[in-house]
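> Dropping a prediction and its sequence here:
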Amino acid sequence: MSDDPITARLLRQAMPVFTTLASCLLVITIAAALYLGRDIFVPVTLAILLSFVLVPAVRLLRRLRLPRALAVMLVVIAAFGALLGIALLIANETAQLAADLPRYQVTMKEKIASLKEATAGSGTLTRVIDMVQDIGAQLQPETKDIVAEAPKAGSLDHPLHVQIAAAKAGLLGTLGAVVAPILHPLATTGLILIFTIFILLQREDLRNRAIRLAGSGDLRRTTAAIDDAVSRLSRFFLAQLCLNIAFGVVIGLGLWWIGVPNPILFGVLAAIMRFVPYVGAAISALLPLVVAAAVDPGWTMVIATAALFLVVEPIAGHVVEPLLYGHSTGLSPIAVILAATLWAFLWGPIGLVLATPITVCLVVLGRHIERLWFLDVILGDQPALSPPEIFYQRMLASDPAEAIDQGELFLKARALVTYYDEVVLAGLLMAQDDLARGALDRERQGEVGASLRTVVTRLGTRPVRRAKSGRAKTGNRETSAAVAAVGPDRQVAAIVRTPADLAPGWRGPCPVLCVSSRGPFDEAATLMLSQILGQHGLAAQVVSMAALRQGERPAVVEGIAMVCFSYLEPVSLSQIRLNVRQARQAIPGVKVLVGFWRERDPSTLERLRRTVSADVLVTSLNGALDAALRFSERKADMVEVPAPAGPLLVGSAVPA
């Protein structure tokens, strides 16, 4: 019995290892099943993806009062008829191209000879051309002279040649050799046809089963999630299909205008290959370039063909595609490449074409099904961490340079006060939470504090930007997500006071005094507050509460109109009330602002305001800026009086 606690502790320690091994075994099992069962999984996957494309057409026929079965049959027959027509067209064009290739051999030999002469001084290019010639010679069928006269038996000069020939196959063997290459594609097509019909006929039943598997505890949420996922996928696949067909049509017409033979074949191949991410269009351009080089004695046709692909693909990918279904497929670039590699390994060329649609389905499932959230994290294009988490992680890694770069990108779209409020201040609160839990030792506190000061000092040099309407481009996915998350700037972020706009008591050299609390990260929060006020026309200076307790005085003690106390961590309310009272005793008529950067509850804030007796309590830098600008505003009927001046004794009577 004494070993039970030890065994339980060992099992708890080993549980992460067991979980990892079980996850790896599960992944290997799924991959093996997909590879071994590709003859079944490929038709099913193609049928599912095809059903997403055909659902809108079925719904349209249903609105015309056609029965479901008839609508499904009409749509499926039309779709497969179109696919069969495309397949026959490809076969016909390929056969014609193969028949015409021998006519282009002379042109290719002449071009290779000219290239060899032009690169006679370059040994590398010459060897490459020789290698191409050798490969071409090896591909040519060997021709042998046929000797009409039979050799004399037993002659040493003419030995007998014995050839062992395989026995002629029977009728069944001949039929099997002829039918097998045709039977497999027909069987696959038949499976796709059957699965597509049943998926479209049983769509509601399949949806209900998916809801049951996803969780029927919250039917409203699950139904909305599945309907949204199906709608998004249908729009995406249909838009991608239409775009790729249009791409193929444009390429085909362009090649026809250039004069490249078989433009229909190359247009169809371009439309199909564009389903392959990133490299599909480039691969589809190789064969037209080779044929253009073989047909045209010069290089005009090759250059025009290359220019056609170089112009059409960027327009389709960077102009038309964002207009149809957003700026991206919702996948990260690394996920697209890995998915293409994985599915090509499992399912061959068809897997390469299906990689992006399948991965999009997985990401949609990850976003709507809580159990599959890891799929969205691994494959999706959304940042895995929130902007404050990214900022704090950079501070922990002592890498302020990256945080500065992200901040400068953010400031192209939003104001500095918004960035400080929504990103930096939130990251400071995370650091304060770690400090309260004892997760940051003294050395790490110093490193994080130094990084914070570096970032704030660097970003504080940016001028105040005027608010712009519309969506600003930042050129960075994470920064764009952060900009979208924080929303627009407040109106106060664009206000800058001039000396003529200030009330008489606010025209001193430094009308605002910012006092930081005792925490190691309060200095950064106070520095941000002073920067924001200074950028908007209210010069501010920073002093720590510890320095005031030791009897130090601010650099400028005259003309102070407002004292701002900054608190990042919970402190004693009686201490704050004492500090506010001493500030008012030291500077008669001074405005007192208290910043509780953590508290967000309005009812709690009102109670705190009454307790500490401050003029205003704020929880954000935007709120502090708004209050300071209101206090400093010069009224039209204001009578100018001398600004109050006197020694500052805030905190001098507070015991250490």
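Now that the structure is in, tell me what you want to look at. Numbering: from 1, shown residues only.
> so how far is residue 379 from residue 448?
32 Å (CB to CB, to the nearest Å). Just so you know, the C-beta spots here come from the backbone N, C-alpha and C atoms, and that holds for glycine as well.
> neighbour count winner among the two?
residue 448 (24 against 20; other CB atoms under 10 Å).
> where's residue 209, which helix or strand?
helix 203-214 (DSSP states H and E).
> mean confidence score for that helix?
Helix 203-214 carries an average pLDDT of 76.
> Then stretch 406-417?
Stretch 406-417 comes out at a mean pLDDT of 83.
> Kindly report the same for stretch 259-274.
Here the average pLDDT along stretch 259-274 is 88.
> Off-centre distance for that stretch?
31 Å (CA atoms, centre = their mean, to the nearest Å).
> Likewise for stretch 272-287?
On CA atoms, centre = their mean, the centre of stretch 272-287 falls 22 Å from the chain's centre.
> what's the answer for stretch 413-429, then?
22 Å.
> Could I get the buried residue list for that stretch?
413-429 (16 or more other CB atoms under 10 Å).
> What of stretch 306-320?
For stretch 306-320, a neighbour-count test (16+ other CB under 10 Å) marks 308, 309, 312, 313, 316 as buried.
> I'd like the distance between the most centrally placed residue in the chain and residue 363.
Nearest to the geometric centre of the chain sits residue 381, at 2.4 Å (CA atoms, centre = their mean). Counting by CB to CB, the separation of residue 381 from residue 363 is 8 Å.
> Which strands and helices lie in contact with the helix or strand encompassing residue 455?
Assigned by DSSP H and E, residue 455 falls within helix 442-459. Helices and strands touching helix 442-459, by 3 or more CB pairs under 8 Å, 6 or more residues apart in numbering; DSSP states H and E, are helix 387-396, helix 400-410, helix 425-437, helix 522-535.
> Now with 7 Å, please.
Applying 3 or more CB pairs under 7 Å, 6 or more residues apart in numbering; DSSP states H and E, one finds that helix 442-459 makes contact with helix 387-396, helix 400-410, helix 522-535.
> The helix or strand just after the longest one pairs with which strands, parallel or anti?
Reading on from helix 522-535 to the C-terminus, the next helix or strand found by DSSP H and E is strand 540-544. Its sheet considered, strand 540-544 pairs with strand 512-516 (parallel) by DSSP bridges.
> what residues are up against the spatially closest residue to residue 197 that is not a sequence neighbour?
Excluding the flanking residues, the one nearest residue 197 by CB to CB, 6 or more residues apart in numbering is residue 76, at 5.5 Å. Applying CB atoms under 7 Å, 6 or more residues apart in numbering to residue 76 gives the contacts 54, 193, 196, 197.
> Filter those down to the buried ones, PyMOL style.
Selection command for PyMOL covering only the buried members of the contacts of residue 76, criterion 16+ other CB under 10 Å:
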select buried, resi 54+193+196+197
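> Closest one of the contacts of residue 76 to residue 562?
If you rank these by distance to residue 562 using CB to CB, residue 54 comes first, at 67.4 Å.
> Report the secondary structure element holding the closest one.
helix 38-63.
> State the mean pLDDT of that helix.
86.
> mind listing what's buried in it?
Buried, per 16+ other CB under 10 Å, within helix 38-63: 38, 41-43, 45-55, 57-58, 61.
> Give me the helices and strands touching that helix, please.
Helix 38-63 packs on helix 68-100, helix 171-201, helix 219-258, helix 333-347, helix 349-368, going by 3+ CB pairs under 7 Å, 6+ apart.
> closest one to residue 294 among those?
With CB to CB as the yardstick, what comes closest out of these is helix 68-100 (9.4 Å).
> what angle sits between that closest one and helix 203-214?
90 degrees (axes from the mean of the first three to the mean of the last three CA atoms, to 10 degrees).
> Flag every buried residue along helix 68-100.
71, 72, 75, 76, 79, 80, 93.
> Also stretch 21-38?
For stretch 21-38, by 16+ other CB under 10 Å, it's 34, 38.
> which residues touch stretch 51-66?
Under CB under 7 Å, 6+ apart, the answer for stretch 51-66 is 68, 71-72, 74-76, 79, 196, 199-200, 233-234, 237-238, 241.
> In terms of distance to residue 630, which of those ranks first?
residue 233 (51.0 Å).
> where does the stretch 551-656 of the chain have low pLDDT?
570, 599-604, 635-656 (pLDDT under 70).
> make it 80
Applying pLDDT under 80 to the stretch 551-656 of the chain picks out residues 551-557, 569-572, 598-611, 634-656.
> now the helices for it?
573-586, 602-612, 621-632 (DSSP state H, counting those that start in this stretch).
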